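>>> output the structure for:
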Amino acid sequence: MSKCRRILNGAFLVVFIIAAMVAIGQEKNEKFVLDFDRSRHGTGDMNGVLVNLQYSKRFARRFDWYGDLGFSIHDLVRLNDNPNNPAKNEIYERRYVTAGLQLGGGIAFRPITGKNEFSIQLGPLVRYQSSSLPVSSGILYPEFTKLPFMVEQVQHMDEPFRTFNVGARFRLAYYYTFSRNIIIGANANLQTDTYGDVIHGYGLSVGKRF
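Just a heads-up that it's a prediction; the model follows:
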């Protein structure tokens, strides 16, 4: 009787291992996800967008490695709202733009898997950025310059227009997998780099498992 029980237990173990291997083989281990995010650069005064393409692949039950390629652009508009402005009927805008291209990667932990997936990601990045934002700026009015128009005074000092920095990025993501392995979800992210820039945002994610 005990021998028969051992045979049945062994057979059950073999069937279980085979079923698990089949399930793992059928599960989609790779995916591409495209993020469309509303984001802010700095303390929130520069608004813009961040678009990020991510490829990830599972290497353990609840862990993926991933690679990112992202692009961001943010702008800032300043108006001549100085109460001491002698040219009160004139409107003067100053527009500045900061844009960057970045490459990153890291490890993702998935505490929830399946059709509903939650992912916690952290990893390094390298970022190339170009910015027209000055260190300081101001308006000189005709009463002082004796010119028939306002003049903008901009100081860039030793600040570079283009920078190349390293940093880190933290990202939270939720995905729901529909038929044909189509992914729809949402994400939130925060990043910083050695130049002192902070970018944070949130948005929608679309992708596909394969």
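
>>> mind listing the helices for the protein?
Remark: helices assigned in the chain by DSSP state H are 2-26, 142-145.

>>> wait, doesn't residue 122 sit right on residue 104?
No: contact criterion Cβ atoms under 8 Å: residue 122 and residue 104 do not qualify, at 10.2 Å. For every residue, glycine as well, the C-beta is placed using N, CA and C.

>>> list residues touching both of these two?
Here residue 122 and residue 104 have residue 169 as joint contacts, going by Cβ atoms under 8 Å, 6 or more residues apart in numbering.

>>> more neighbours: the two, which one.
residue 104 (23 against 12; other Cβ atoms under 10 Å).

>>> so residue 210 sits against residue 181, correct?
Yes: in this structure residue 210 lies within contact range of residue 181 using Cβ under 8 Å: 6.6 Å.

>>> which residues are in contact with both of these two?
residue 28.

>>> ok, the two, which is more surrounded?
Neighbour totals were compared for residue 210 and residue 181, and residue 181 leads with 12 against 9 (other Cβ under 10 Å).

>>> apart from its neighbours in sequence, what residue is nearest the more buried one?
Closest residue in space to residue 181, ignoring its immediate chain neighbours: residue 209 at 3.9 Å, by Cβ to Cβ, 6 or more residues apart in numbering.

>>> count of residues packed around the one you found?
That count, for residue 209 with other Cβ under 10 Å as the rule, works out to 18.

>>> ok, now residue 56?
25.

>>> for the residue nearest to it when sequence neighbours are not counted, list each beta-bridge partner.
Closest residue to residue 56 apart from its sequence neighbours, by Cβ to Cβ, 6+ apart: residue 66 at 3.8 Å. Residue 66 forms beta bridges with residue 56, residue 106, as assigned by DSSP bridges.

>>> go ahead and confirm residue 66 touches residue 59.
No: look at residue 66 against residue 59 with Cβ under 8 Å: they stay out of range, at 10.4 Å.

>>> so those two - more neighbours on which side?
residue 66 (19 against 10).

>>> for the more buried one, give its distance to residue 54.
Remark: distance between residue 66 and residue 54 (Cβ to Cβ, to the nearest Å) = 6 Å.

>>> again, but for residue 198
For residue 198 relative to residue 54 (Cβ to Cβ), the value is 20 Å.

>>> neighbour-wise, which of those two wins?
residue 54 (25 against 14).

>>> tell me the pLDDT at the more buried one?
Here, the pLDDT recorded for residue 54 equals 97.

>>> try residue 97
88.

>>> what bridges to it?
residue 75.

>>> residue contacts, it?
Counted by Cβ under 8 Å, 6+ apart, residue 97 has contacts 73, 74, 75, 76, 131, 132.

>>> burial count for the nearest residue to residue 113 once chain neighbours are set aside?
Using Cβ to Cβ, 6+ apart and skipping the chain neighbours, the partner closest in space to residue 113 is residue 62 (6.6 Å). Per other Cβ under 10 Å, the neighbour tally for residue 62 reads 12.

>>> just want the phi and psi numbers for residue 62.
Taking degrees, to the nearest 10, you get phi -120, psi 20 for the backbone angles of residue 62.

>>> alright, that wraps it up for me.
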